[in-house]
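Colleague: Predicted model follows, preceded by the sequence.
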Amino acid sequence: MKRIILITGGQRSGKSRQAEEMALSLAPHPVYMATAHVWDEEFRRRVAVHRARRGSEWTNIEEEKFLSRHDVAGRVVLIDCCTLWATNFFSESGGADGPDVDAVLREMEAEFDRFTSQDAVFIFVTNEIGMGGTSVNALQRRFTDLMGWFNQYVARQANEVYLMVSGLKVKVK
């Protein structure tokens, strides 16, 4: 039963809605694992919109970092999203020189592997943040590198990969 699906794309491309529809097509009572840390009021409103869209058929779990501590065996679980999940690791790491991207990547890959060792269907949502120009901000460039490498890692593990473009799903793998 183990299956890994990755849905990627730009901001507001329809990733979450597509993932929710996919999860509901695979199970009557899927799990929604929210990885977001709510930083401000605007983001709180975004989270509220996502919650309102989901009905009572969902089991909701809020987990900012350690997804593997949750037993989802035998379930369909939507993880929304890898970018926010990475932000939680990235923002808590580093010293005077800032986050060590390689160390954060290794930590995320290990946690991903622990979590996906369960016999479940995993639908990961992520952002393609590196498709635009190169940021003038060094910290943003480091985070973009982290996400690019992590997205590649997840895509290699995935059975299926979809790219969302303007609300349209394009099968990549």
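Modeller: That came through, no problem. All values reported here derive from a predicted model rather than from experimental measurement.
Colleague: Following element in sequence after the helix or strand of the chain with the lowest mean pLDDT, please.
Modeller: Across the helices and strands of the chain, mean confidence by mean pLDDT, DSSP states H and E is lowest for helix 41-53: a mean of 79. Secondary structure here is assigned by DSSP states H and E; on that basis, the next helix or strand after helix 41-53 toward the C-terminus is strand 59-62.
Colleague: From the rest of the structure, what touches that next one?
Modeller: Outside strand 59-62, the residues that touch it by C-beta atoms under 8 Å, 6 or more residues apart in numbering are 29-34, 36, 51, 54, 70, 75. All C-beta spots, glycine's among them, are computed from the backbone N, C-alpha and C.
Colleague: Ok, stretch 143-163 next?
Modeller: Counting contacts by C-beta under 8 Å, 6+ apart, the residues outside stretch 143-163 that touch it are 3-9, 18, 82-83, 86-87, 90, 99, 101, 104-105, 108-109, 112, 116, 124, 126-130, 135, 169-173.
Colleague: among those residues, which are in strands?
Modeller: Assignment to strands by DSSP state E places the following of the contacts of stretch 143-163 there: 3-9, 124, 169-171.
Colleague: Now the buried members of those.
Modeller: With neighbours counted using 16 or more other C-beta atoms under 10 Å, those contain these buried positions: 4-9, 124, 169.
Colleague: Could you list the low-pLDDT ranges of this protein?
Modeller: Under the criterion of pLDDT under 70, the regions of the chain flagged as low confidence span 95-97.
Colleague: can you rerun that using 90?
Modeller: Along the chain, the model assigns pLDDT under 90 to residues 1, 10-12, 36-56, 91-100, 129-141.
Colleague: mind listing the helices for it?
Modeller: Taking DSSP state H as the criterion, the chain carries its helices at 15-26, 41-53, 82-91, 101-115, 138-157.
Colleague: my guess is residue 126 meets residue 80, correct?
Modeller: No. Residue 126 lies out of contact with residue 80 (C-beta atoms under 8 Å); the separation is 9.2 Å.
Colleague: on that earlier part again, show me which of the helices of the chain has the highest average neighbour count.
Modeller: Neighbour counts averaged per stretch over those are highest for helix 82-91, at a mean of 20; criterion: mean count of other C-beta atoms under 10 Å.
Colleague: quick one: contacts of that one?
Modeller: The set of residues that contact helix 82-91 without belonging to it, under C-beta under 8 Å, 6+ apart, is 35-37, 64-65, 67, 79, 99, 104, 107-108, 124-127, 129, 142-143, 146-147, 150-151, 154.
Colleague: Thank you, goodbye.
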